[in-house]
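Trainee: structure for the following, please:
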Amino acid sequence: MSGIANYLSDKTLLITGTTGFLAKGIVEKIFRQAPDIRRVYLACIRPKRLKNGTTLSAEERMEKEIFQSSVFDRLRGIHGDRLLNILREKTVPVEGDLTLDHLGIDPDVYEQLTKQVQVVIACAASVAFDEEVDYAMKLNALGARRVMEFAKACDDAVLIHVSTAFVSGNRRGNVPELSPQPDRSMAQEIGLNQTPFNLDDEIKDILAFAGKAHEDAHSEEQKKEFHRAAFRQNSKPSQRWLDAQIETYRKRWLKKRLADEGIRRSKSWGWHDIYTMTKAMGEQMIVKYREDLPVAIVRPSIVEGSLVEPEPGWVEDLKVADPLIDAISRGRLPDFPADPEIVLDVVPVDIVVNTVLAAIPRTAKEGGVSIYQVATGDQNPIKISRLYDLVYDYFQKNPRLDKKGDPIPIKRWRYPTLDQFKRQCNIKYTWPLGIAQWCLERLSWNAAANRWRQRANVIKSAITRMLYYAEIYSPYTTLDCRFETRRTAQLHESLDPEDQAVFNCDVGRIRW
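Mentor: This is a model prediction of the structure:
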């Protein structure tokens, strides 16, 4: 019997982030390769309000968003109609919220869970690069600490915390598989500056800024500005419309202010964005406060569709690189700021899943803190230029079609710098479009002009999206670094032959 499956036999697991891509892959692999587990708790699933006003309970979300996922298609082929009963028998949703104390779980339920759970797998995270600074911190940093505190409260548990390889921020060259140093910024680590960084003080400062931003959003001064903006849009509004529009402006203003602060703050401390900064803070939280809890931190690079399992190419929604590929196929991304000679580190989701599960028994045996970077650039690199050529060649042979049914042409990238890219967009699109919109605004009485104005708004939205991609992705498409994966390779080599085949962590088998 598989050593990993044998370890998991009769164990109770708690997994967070189970409505997300990676965690679904983990749950599926557990039920396919370690079916003798005792129970899997899926936490923390919040009730979800739908557009029609109804609310999905945690249990309904589990049934709809997890059990009905295509990730279980392979198991459906094996078990047929019995699969739902198998999943329901051993899977329990836990209503909660990682941004709240005790994970937002009912106190009695929380205590019961600590007496049952032996393995905690933390996958929940906000992965938006431009997330609101306070929410990203509450989920990725404080949420990591709350999950760790839950694991500590269990009788004898191990914690597998899924982070990201990009906690290395602006570090270039080799990125080692080392534990984070609490109360150290990446700017200090790589010598950009030596400004003191205190983890707990930084969290207090972020919360204070966010509190002030929320107050400002409701200030009389801002209300007047939102009121003026609404009247510029509609000079004769109804009171109901006016109130709704002012609230829309308020939310938009607040979101931008908090997101901009996240970008500013993270860059000042040596990280790309608020996602990588708060994930790094989450790692520091765990290392600083874990005491004797056995912990493995798994750091994948850019997680994309599966290599083999549960089927080749399994993916849900558009992942990190997918929006760019989709935009290329539609002819909406004729160029992009990138260094064609650097490695873009992407890794299939099933290799990350295998590493997470393989790390469990080893972490329980060794204790301490183990770091596993799951990446391809160290052993099986692919350059951005090569990756783009593969995408380009694919859509030359299999083009997307426009509304008329004609193939959409795509252009080869020239890889400008970010400043060059912005300048090109301004000259070719933004400035001419601005002039056109100014003229159309003065022809509002003309029906044809109104149709052209609507079309101009659509084009403006596409240009804004293209510039957005450039701004948030360019730090990753110009960063020349290699994530060391020695410990992950050793983990794979330490497995018995059966587990090496079933829980394969070897990225060398990828044929780009």
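Trainee: listing request: residues of the stretch 151-300 of the chain with sub-threshold pLDDT.
Mentor: Low-confidence segments of the stretch 151-300 of the chain (pLDDT under 70): none present.
Trainee: could I get the full set of strands for it?
Mentor: For the stretch 151-300 of the chain, the strands defined by DSSP state E, counting those that start in this stretch occupy 158-162, 173-175, 295-300.
Trainee: got it, and the stretch 351-500 of the chain?
Mentor: Counting by DSSP E, counting those that start in this stretch, the strands of the stretch 351-500 of the chain are 369-374, 481-483.
Trainee: give me the average confidence score over the shortest one.
Mentor: This means strand 481-483. Strand 481-483 shows a mean pLDDT of 97.
Trainee: what pairs with that strand, parallel or antiparallel?
Mentor: Applying DSSP bridges, strand 481-483 is found paired with strand 173-175 (parallel).
Trainee: just give me how far the strand it pairs with sits from the chain centre.
Mentor: Offset of strand 173-175 from its chain centre (C-alpha atoms, centre = their mean, to the nearest Å): 22 Å.
Trainee: list of residues touching it?
Mentor: Contacts with strand 173-175, where a contact means C-beta atoms under 8 Å, 6 or more residues apart in numbering, come from 165, 168, 373, 480-484. Using the backbone N, CA and C atoms, a C-beta is placed for each residue, glycine as well.
Trainee: just the buried subset of those, please.
Mentor: Neighbour counting with 16 or more other C-beta atoms under 10 Å marks 165, 168, 373, 481-484 as buried within the contacts of strand 173-175.
Trainee: that older thread, tell me which two of the contacts of strand 173-175 sit farthest apart.
Mentor: Q373 and D480 (16.6 Å; C-beta to C-beta).
Trainee: a helix runs through E309, doesn't it?
Mentor: No - E309 is assigned coil when assessed by DSSP: H, G, I helix; E, B strand; the rest coil, not a helix.
Trainee: show me what contacts it?
Mentor: 25, 29, 74, 350, 353.
Trainee: at 6 Å instead, please
Mentor: By C-beta atoms under 6 Å, 6 or more residues apart in numbering, the contact set of E309 is D350.
Trainee: what do you get for G367?
Mentor: P294 are the contacts of G367 under C-beta under 6 Å, 6+ apart.
Trainee: for D292, see how far away it is.
Mentor: Computed as C-beta to C-beta, to the nearest Å, the G367 to D292 distance reads 7 Å.
Trainee: T488 too?
Mentor: Taken as C-beta to C-beta, the span from T488 to D292 is 24 Å.
Trainee: among the strands of the stretch 351-500 of the chain, which comes closest to K48?
Mentor: strand 369-374 (29.9 Å).
Trainee: what helices and strands are in contact with the closest one?
Mentor: With contacts taken as 3 or more C-beta pairs under 6 Å, 6 or more residues apart in numbering; DSSP states H and E, strand 369-374 sits against strand 295-300, helix 349-366, helix 486-494.
Trainee: neighbours of E441, how many?
Mentor: Neighbour count of E441, defined by other C-beta atoms under 10 Å: 11.
Trainee: for A448, same thing?
Mentor: Count around A448 with other C-beta under 10 Å applied: 9.
Trainee: show me what contacts the closest residue to C44 other than its chain neighbours?
Mentor: The shortest distance from C44 to any non-neighbouring residue, by C-beta to C-beta, 6 or more residues apart in numbering, is to G96 (2.9 Å). G96 sits next to 43-44, 103-105 when contact means C-beta under 6 Å, 6+ apart.
Trainee: could those be laid out in CSV, adding distance to R240 and secondary structure?
Mentor: Below are those laid out as CSV (distance: C-beta to C-beta, whole Å; DSSP: H, G, I helix; E, B strand; the rest coil):
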residue, distance to R240, secondary structure
A43, 40, strand
C44, 36, strand
L103, 39, helix
G104, 34, helix
I105, 39, coil
